[in-house]
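*Asks:* take a look and give me a structure for this.
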Amino acid sequence: MKVIRLIISSFLIFVFSCNEPIPRKPVFISSHQVSKSSIDRNKQLLEREEQLIEQLILKDTLNSYVRSSYGFWYYKSLVNAKPGAQKIKSGETVDFKYRLSDINNKLIYDQTWTDIQTTVVDKEKLFTGLRSAIKELSEKERGLFYLPSFLGYGYKGDLDKIGPNEILILELEILKQQSNP
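*Replies:* Just a heads-up that it's a prediction; the model follows:
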């Protein structure tokens, strides 16, 4: 009797275990939902960064800041007194030097302040904030720029000294401006 039960049990297990596996249905998440949550997260991040920058600007009673159409705040610490000085345009060759600090004014990259760099504006790879800040100055001008993270190195950082979503303070001096034919 026990043998018959054992044989029947084994047979039933064998029959039912040979069934095809039932595939799971995919979970559908619309790309619209993902995009919306990403947009909301970025809006909150930008709002928080703007509040921090505005607090720093309010503490600085000596300088008058301007909000750029590029999305950053700046003031000129050295203004070209030459009449008719024009802002730098795309395609011009520029000699400049710059220095980067974090929101707490801790120097991140300083060696570039002593090194003169040359670039053709919008033709070479510079991070967005630097490229845009150059266009706000003219020859023999210096400025201080508060750059939100999306104009710096964004959500990734520079994979070295600049962390993710870090607000940057850029000191920039334009030494020479030259139009290209």
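*Asks:* wait, a strand at Arg131?
*Replies:* No: judged by DSSP: H, G, I helix; E, B strand; the rest coil, Arg131 forms no part of a strand; its state is helix.
*Asks:* for it, list the residues it contacts.
*Replies:* 121-122 (CB atoms under 8 Å, 6 or more residues apart in numbering). Glycine gets a C-beta too; all of them are placed from N, C-alpha and C.
*Asks:* for Asn63, see how far away the residue positioned nearest the centre of the chain is.
*Replies:* By CA atoms, centre = their mean, the chain has its centre lying nearest to Gly154, at 2.3 Å. Plainly put, Gly154 is 27 Å away from Asn63 if you go by CB to CB, to the nearest Å.
*Asks:* likewise Tyr98?
*Replies:* For Tyr98, the distance to Asn63 - CB to CB - is 18 Å.
*Asks:* quick one: which of these two has more around it?
*Replies:* Tyr98 (22 against 11; other CB atoms under 10 Å).
*Asks:* I figured that one hits Leu130, correct?
*Replies:* Yes: with contacts counted by CB atoms under 8 Å, Tyr98 reaches Leu130, the gap being 6.6 Å.
*Asks:* checking Lys97 next. Helix, strand or coil?
*Replies:* With three-state DSSP as the criterion, Lys97 reads strand.
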